[in-house]
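Novice: The sequence isn't on hand, but the structure is:
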Ligand SMILES: O=C(O)[C@H](O)[C@H](O)COP(=O)(O)O
Ligand SMILES: [Mg+2]
């Protein structure tokens, strides 16, 4: 049963109980470029209490470095090696788990952040922000030349998705033997500044439907993200808490990693998702309205 936090004593006890605090970003710290009230103060409070603070986001549009730029711009203290995004996790997976041979490459549906992380990991790629792929011109199969070295397609949130990208990815996944279908994450929607928008899961959905098969998803709730974090730093799962706004990514991710979970109601999850006849079977350890509530401990 989830504990709905309310009293100062409950917040104080929660803060004392955990040394490592993993924060989801969209819907927890911010909506687009709009900070959620209390986010800066809570992170400062936790750092002043010598807590470890990490950021674990499924948003693959930015690299860890460009996320650091966003944090700086918003006045949120963050170091690059505290930031774990699904673009980074995907690049690490392709280079270190799949061990993509150096003479092979991936076809990218995604944005600059994903390309940057692939480059950082020494993974060759085509597609992505290539102007030839970012076109609304009709895709003419007779003019398309298959690159035999494409051994995987990786698909992330791409706000410039189009028929050419989907068609090229489909060719590689159906005509290059053994070509792997990877997605950075499968969030159906994401909470932008002015409301909900289709998420990465909605970008890869046409390919899943056309192929009749599911991809390997690397972001939350998959363990890959946690493996990336554990490869870089030690933390005690029993004294670690994951704060998220989405039950089927953030909370499941925490539960799979054996860490505690705190759901905030400032993003995707609504009251009917957690109570009543249609409530989700995914139950966070704790629930609070917003990250700012953590300041109530005093
Ligand atoms: O891909 C998406 O839909 C969004 O980028 C994703 O929902 C945001 O990720 P979060 O910071 O909430 O993990
Ligand atoms: Mg979120």
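Specialist: Great, that's in hand. All values derive from a computational prediction rather than experimental measurement. Numbers count the residues shown, from 1 in each chain. Ligands and ions are numbered 1, 2, ... in the order given.
Novice: contacts, neighbours, all on C-alpha from now
Specialist: Fine.
Novice: how about the residues of this structure near ligand 1?
Specialist: Residues of the chain that fall close to ligand 1, judged by CA under 6 Å from any ligand atom: 24-27, 57-60, 157, 187-190, 199-200.
Novice: and residue 232, what does it touch?
Specialist: The contact partners of residue 232, by CA atoms under 8 Å, 6 or more residues apart in numbering, come to none.
Novice: which residues of this protein score low on pLDDT?
Specialist: The chain contains no residues with pLDDT under 70.
Novice: Taking it, what residue is nearest to ligand 2?
Specialist: As assessed by CA to the ion, ligand 2 sits closest to residue 26 within the chain, at 4.0 Å.
Novice: Tally up the residues packed near the closest residue to that residue other than its chain neighbours, please.
Specialist: Sequence neighbours aside, residue 191 is the residue nearest to residue 26 in space, at 6.4 Å (criterion: CA to CA, 6 or more residues apart in numbering). For residue 191, the count of nearby residues is 20 (other CA atoms under 10 Å).
Novice: Residue 191 falls within a helix, correct?
Specialist: No. Secondary structure of residue 191 (DSSP: H, G, I helix; E, B strand; the rest coil): strand, not part of a helix.
Novice: wouldn't it be in contact with residue 31 here?
Specialist: Yes. Counting by CA atoms under 8 Å, residue 191 touches residue 31, with 5.8 Å between them.
Novice: intersection of neighbour lists for the two?
Specialist: Joint contacts of residue 191 and residue 31 (CA under 8 Å, 6+ apart) are residue 267.
Novice: so what's the residue nearest to residue 26 up against?
Specialist: Residue 191 touches 26-27, 31-32, 197, 267-268, counting by CA under 8 Å, 6+ apart.
Novice: same thing but at 10 Å, please
Specialist: 26-28, 30-32, 197-199, 245, 266-268 (CA atoms under 10 Å, 6 or more residues apart in numbering).
Novice: Looking at those, spot the one nearest residue 49.
Specialist: Checking the contacts of residue 191 against residue 49 by CA to CA gives residue 28 as the nearest, at 20.5 Å.
Novice: Let me know the helix or strand that residue 6 is in.
Specialist: Assigned by DSSP states H and E, residue 6 belongs to no helix or strand.
Novice: what does this protein put close to ligand 2?
Specialist: 26-27, 245 (CA under 5 Å from the ion).
Novice: For ChimeraX, what selects the buried ones among those?
Specialist: Those of those that count as buried under 16 or more other CA atoms under 10 Å are selected in ChimeraX with:
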select :26,27,245
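Novice: Sitting in helices, which of the residues of the chain next to ligand 2 do you find?
Specialist: Counting by DSSP state H, no part of those is found in helices.
Novice: would you list the residues of the chain next to ligand 2 in JSON lines and tack on distance to residue 148?
Specialist: Below are these laid out as JSON lines (distance: CA to CA, whole Å):
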{"residue": "26", "distance to residue 148": "37"}
{"residue": "27", "distance to residue 148": "40"}
{"residue": "245", "distance to residue 148": "41"}
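Novice: my guess is residue 169 meets residue 107, correct?
Specialist: Yes. Under the criterion of CA atoms under 10 Å, residue 169 makes contact with residue 107 at 6.8 Å.
Novice: so which of the residues of the chain next to ligand 1 is the most crowded?
Specialist: Tallying neighbours with other CA under 10 Å puts residue 58 at the head of those, with 31 neighbours.
Novice: and the residue nearest to that residue when sequence neighbours are not counted, what does it touch?
Specialist: Distances taken as CA to CA, 6+ apart place residue 86 nearest to residue 58, at 4.8 Å, with adjacent residues excluded. Counting by CA under 10 Å, 6+ apart, residue 86 makes contact with 56-64, 92, 113-114, 117, 156, 183-185, 217-220, 224-225.
Novice: Next, give phi and psi for the residue nearest the centre of the chain.
Specialist: Nearest to the geometric centre of the chain sits residue 58, at 0.5 Å (CA atoms, centre = their mean). Residue 58 adopts backbone torsions of phi -80, psi 0, taken as degrees, to the nearest 10.
Novice: Surely it and residue 220 touch.
Specialist: Yes. Using CA under 10 Å, residue 58 is in contact with residue 220, at 6.4 Å.
Novice: Just give the nearest non-adjacent residue to residue 85, would you?
Specialist: Leaving out its chain neighbours, residue 85 is closest to residue 57 (CA to CA, 6+ apart), at 4.8 Å.
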